[in-house]
Structures are given as C-alpha cells and as structure tokens.
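In: have a look at this prediction, sequence included:
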Amino acid sequence: MDDLIASTGVHFRALTMPSFMDNILMQLGPIKTKGMFFSPIDGDRKLPACATRDIAAVAARLLLDPSWSGQGHVAVLGPEDVSFNDMAQVMSEVLGKPVRFQQISLDAYRARFVELGMSAAMAQGMTDMAAAKNEGLDNAEPRTPDNTTPTRFRQWCEEVLKPALLG
C-alpha cells in the first residue's frame with residue numbers, strides 16, 4: 001500500500017515498525033491461565049519491539065512538521081532488541097508469577113488464525129510475516145538515535161500489561 005500511495009507523487013513518509021509490544025495483549029488469556037505465550041519465532045532471537053504509544057508520538061511529530069517534503073520512511077524501533085525469552089523473564093518479574101514463552105510451529109500458528117476467523121489467505125500472510133521475522137526481517141533497519149523510542153518492555157509491562165491482566 002505504501003508503494004501505491006508513493007506512486008501518486010504526494011509527499012509521503014511511511015512509518016516502519018517491527019513487532020508491537022501491545023500485540024502481547026492478544027495473549028492475555030494464556031498468560032493469565034497458563035502462564036504462557038506463544039509464537040513461531042525462535043525464543044532467543046532478539047528483535048526490536050515498540051510500544052504503540054511511541055508510534056503515535058512519532059506520527060504526531062511528523063504530522064506537525066511542515067518542513068519535510070518528498071517520500072521516505074521513518075523506522076520506529078523501540079529502545080532495545082528483546083527476545084521472547086527476555087520478555088517472559090520481564091513479565092515474570094513484573095507480574096510476580098512465572099511466565100514462559102513457548103515456540104509453536106508455523107502450521108499451528110496459521111491454524112490458530114483460521115480458528116479465530118481469519119481467511120486462509122490472511123492467515124498465510126501472517127504466517128509468512130512471522131517466518132520472515134524469524135529470518136531477521138525486523139533486524140534489517142540499523143538502530144539510530146532517531147529511530148529509537150523510549151518505552152522499554154519492562155515499563156510497558158508495568159503500565160499496560162499488568163493493569164490489563166488485573167482488570
């Protein structure tokens with residue numbers, strides 16, 4: 001879609017993000033009842049993760065900046081690269097109970113999306129994206145001070161995840 005918009009010639013900046021910390025909220029049920037969360041991505045692969053509030057702050061800053069013209073992208077990488085095993089450790093500490101990460105197969109991942117009502121094509125697209133992330137897609141953009149945002153995963157867990165689990 002970004003390419004289609006850019007092809008019109010309008011001044012355009014696409015935000016490019018890795019995984020959103022907030023996507024963990026889709027797994028509140030298993031975190032609460034089983035102390036687990038799941039993904040087909042290797043639990044030790046360190047990837048950038050950003051909070052949606054940081055994405056919103058970058059978008060607002062860009063929208064209010066009248067000095068920019070042309071076309072390009074702006075990466076929003078969060079403050080650090082973390083693995084799912086790192087996330088499980090932080091969640092355990094913040095929640096005061098054990099939480100562990102469990103890697104699942106790509107087939108199980110795809111099947112879960114279909115179970116949730118996604119079309120087969122969309123489920124395959126999500127699965128292909130996870131496979132690409134596991135191969136390093138999210139590590140392609142070099143981290144710089146300009147694309148590093150402030151919300152750490154621990155802070156996000158304290159301010160977003162923990163209240164969501166308790167609420």
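Out: Received it, and whenever you're ready, just let me know what you need. A quick note: this is a predicted structure, and the numbers were derived from the prediction, not measured.

In: helices and strands of the chain: which one has the lowest mean pLDDT?
Out: helix 2-6 (a mean of 88; mean pLDDT, DSSP states H and E).

In: which secondary structure elements does that helix sit against?
Out: Applying 3 or more Cβ pairs under 8 Å, 6 or more residues apart in numbering; DSSP states H and E, one finds that helix 2-6 contacts strand 12-16. Placement of C-beta: from N, CA and C, glycine included.

In: how about the least confident helix or strand of the chain: buried residues?
Out: Neighbour-count burial for helix 2-6 flags Ala6 (criterion: 16 or more other Cβ atoms under 10 Å).

In: just stretch 35-44 next, same as before
Out: For stretch 35-44, a neighbour-count test (16+ other Cβ under 10 Å) marks 37-42 as buried.

In: what lies in contact with the least confident helix or strand of the chain?
Out: Applying Cβ atoms under 8 Å, 6 or more residues apart in numbering, the external contacts of helix 2-6 come out as 12, 14, 71, 73.

In: among the residues you listed, which one sits closest to Asp22?
Out: Ala14 (19.5 Å; Cβ to Cβ).

In: verify the contact between the closest one and Leu62 for me.
Out: No - if you go by Cβ atoms under 8 Å, Ala14 and Leu62 don't touch, sitting 10.2 Å apart.

In: what is in contact with those two at once?
Out: Common neighbours of Ala14 and Leu62, using Cβ under 8 Å, 6+ apart, are Val74.

In: which one of those two has more residues nearby?
Out: Shown here are Ala14 and Leu62; by other Cβ atoms under 10 Å, Ala14 has more neighbours (15 against 12).

In: pLDDT value on that one, please?
Out: Looking at Ala14, its pLDDT stands at 91.

In: follow-up on the earlier one: dump the least confident helix or strand of the chain to PDB, restricted to CA.
Out: What follows is helix 2-6, C-alpha atoms only, in PDB (Å, rounded to 0.1, in the frame of the first residue of the first chain):
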ATOM      1  CA  ASP A   2       2.900   2.400   0.800                       C
ATOM      2  CA  ASP A   3       4.200   1.900  -2.800                       C
ATOM      3  CA  LEU A   4       0.800   2.600  -4.200                       C
ATOM      4  CA  ILE A   5       0.500   5.800  -2.200                       C
ATOM      5  CA  ALA A   6       4.000   6.900  -3.100                       C
END
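
In: export the buried residues of stretch 35-44 as JSON lines, with columns for pLDDT, distance to Glu115 and secondary structure.
Out: What follows is the buried residues of stretch 35-44, written out as JSON lines (pLDDT from 0 to 100; distance: Cβ to Cβ, whole Å; DSSP: H, G, I helix; E, B strand; the rest coil):
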{"residue": "Phe37", "pLDDT": "98", "distance to Glu115": "17", "secondary structure": "strand"}
{"residue": "Phe38", "pLDDT": "97", "distance to Glu115": "13", "secondary structure": "strand"}
{"residue": "Ser39", "pLDDT": "97", "distance to Glu115": "16", "secondary structure": "strand"}
{"residue": "Pro40", "pLDDT": "98", "distance to Glu115": "15", "secondary structure": "coil"}
{"residue": "Ile41", "pLDDT": "98", "distance to Glu115": "20", "secondary structure": "coil"}
{"residue": "Asp42", "pLDDT": "98", "distance to Glu115": "23", "secondary structure": "coil"}
